[in-house]
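S.K.: just need the structure, nothing else, for what follows:
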Amino acid sequence: MVKESVMKQTEIGLLPEDWDVINLEKNFTLKARIGWQGLTTAEYLDNGNYGLVTGTDFKGGYIDWNNCVFVEKMRFDQDRNIQLKNGDVLVTKDGTIGKIAYVDFLPKPTTLNSGVFVVRPKSNSISNRFFYYVLMSFYFDDFLLKITAGSTITHLYQKDFVNFNFVCPPLPEQEAIAEALSDADAWIESLEQLIAKKRLIKQGAMQELLTPKEDWEVKKLGEVTIDGGLIRGPFGGALKKDFFVKNGYKVYEQKNAIYKSVHLGKYFVDTAKFKELGRFEIKANDFILSCSGTIGKLFRIPQIFQKGIINQALLIIRLNSTIIDFGYFGHIFQYDTIQSKIIDDTQGGAMKNLVGMSEFRNTEIPLPSLTEQIRIATILSDMDAELEALEVQLGKARKVKQGMMQELLTGRVRLV
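M.R.: This is a model prediction of the structure:
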């Protein structure tokens, strides 16, 4: 690896002097079945010998083969140019434009619908895999921004796409860059698979640990809180934006519950308004619950937080610690059986609501002994901590890959 090389100025920035800037139209064939307007979803099959890739099958830079539909042999045979091969690079041209996928294997003969381009080098001097990473990079992002700037374009037209210019190192370096980025992808994928496995294990553990046993009792939510421990946020008229000041007592919002953080938010009230709405003040170990839009998200207020009140989209749950363990409540309340009781979806559609306060107060909570509650909470919290650590590691891996792409695809770091 060499970190210094002689650079030259090009139309797309400084590049090593032995790198070229090449054009898509001159160096690639670009195919989509434009004439397939007659193919309708009625022809899609649930099973078959011939697959069909559409724009909805793109996932994480690859094709989700489990999601693909199938077509009759006649449709597969119609256009040999779009019959997929290993190493093909695919780009969505309709709807959400510019999604990229690399065909790393073919489970069965497969073709494309009219919403997807297949892009293939005209010569063996360009690595398919390298070109895939170019399309996944800032080069293609910037290109798409330029051709869609100030518009609501929902189509990537071939007449525009062919104007894409990008870097082209010598073939051995293309292959080395592609291999390095493939290794980064493999690292990321292994972490994603491990996280998915751990989540399934946790779901099984929750099913086992939170299913009521014979010696458990059942109490209503209003019976496990202190007196007056269920506090719905103030009416909108009591806390309008006109009352907000630049500094003062914090106004906690939905996003604090949704993203489990006391640090989010920029609204404050003065001392007079805080005293007027003192009933809605939050305290350490309170649970705040999102009640509007994204509902049912729960967050426990830590020991250190900025003094403040909730807004109208939150609800405070203040528990009686002699009856229920805080950690156990955090897990049981987010369990599917409880969530289904507190969310009112009788109106249908995407918009759901919190049930009325009377029904909410009477939500039944299964309770083992306090000792057993603590044991259950400890097991599930340990699993959560492991998942959080893996998520942090995954975030770092993604950042490392982005940094690698920035360095390798500009030639600031050379692989030889």
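S.K.: drop to CA atoms for contacts and neighbour counts, all remaining ones
M.R.: OK.
S.K.: low-confidence stretches in this protein?
M.R.: 1-4, 33-39, 150, 345-351 (pLDDT under 70).
S.K.: and the helices in it?
M.R.: Listed in chain order, the helices of the chain (DSSP state H) span 24-27, 73-77, 128-135, 138-148, 158-161, 171-210, 254-258, 271-276, 326-333, 336-342, 357-361, 370-408.
S.K.: which residue ranges make up each domain of this structure?
M.R.: Using automatic domain parsing, the domains assigned to the chain come out as 1-9+169-211+369-416, 20-168, 217-367.
S.K.: distance from the first one to the middle of the chain?
M.R.: What it means is domain 1-9+169-211+369-416. In terms of Cα atoms, centre = their mean, to the nearest Å, the centre of domain 1-9+169-211+369-416 is set 14 Å apart from its chain centre.
S.K.: same check on the longest one?
M.R.: In terms of Cα atoms, centre = their mean, the centre of domain 217-367 is found 25 Å from the chain centre.
S.K.: start and end of it, how far apart?
M.R.: One end of domain 217-367 sits 5 Å from the other (Cα to Cα, to the nearest Å).
S.K.: look up the closest residue to the most centrally placed residue in the chain, ignoring the ones flanking it.
M.R.: In the chain, the residue lying closest to the centroid (Cα atoms, centre = their mean) is residue 60, at 10.5 Å. Spatial nearest neighbour of residue 60, chain neighbours left out: residue 101 (7.7 Å); criterion: Cα to Cα, 6 or more residues apart in numbering.
S.K.: for that neighbour, list each beta-bridge partner.
M.R.: With DSSP bridges as the criterion, residue 101 is bridged to residue 90.
S.K.: list the buried residues for stretch 256-272?
M.R.: Neighbour-count burial for stretch 256-272, counted by 16 or more other Cα atoms under 10 Å, picks out 256-258, 260-262, 264, 267-269.
S.K.: return the subset of these lying in strands.
M.R.: Counting by DSSP state E, the members of the buried residues of stretch 256-272 that fall within strands are 268-269.
S.K.: and the buried residues of stretch 256-272 as JSON lines, adding distance to residue 391?
M.R.: Formatted as JSON lines, the buried residues of stretch 256-272 follow (distance: Cα to Cα, whole Å):
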{"residue": "256", "distance to residue 391": "20"}
{"residue": "257", "distance to residue 391": "19"}
{"residue": "258", "distance to residue 391": "17"}
{"residue": "260", "distance to residue 391": "15"}
{"residue": "261", "distance to residue 391": "17"}
{"residue": "262", "distance to residue 391": "20"}
{"residue": "264", "distance to residue 391": "20"}
{"residue": "267", "distance to residue 391": "30"}
{"residue": "268", "distance to residue 391": "32"}
{"residue": "269", "distance to residue 391": "36"}
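S.K.: nearest to residue 146, of the buried residues of stretch 256-272?
M.R.: Nearest to residue 146 among the buried residues of stretch 256-272: residue 264, at 33.3 Å, using Cα to Cα.
S.K.: gap between the closest one and residue 257?
M.R.: For residue 264, the distance to residue 257 (Cα to Cα) stands at 10 Å.
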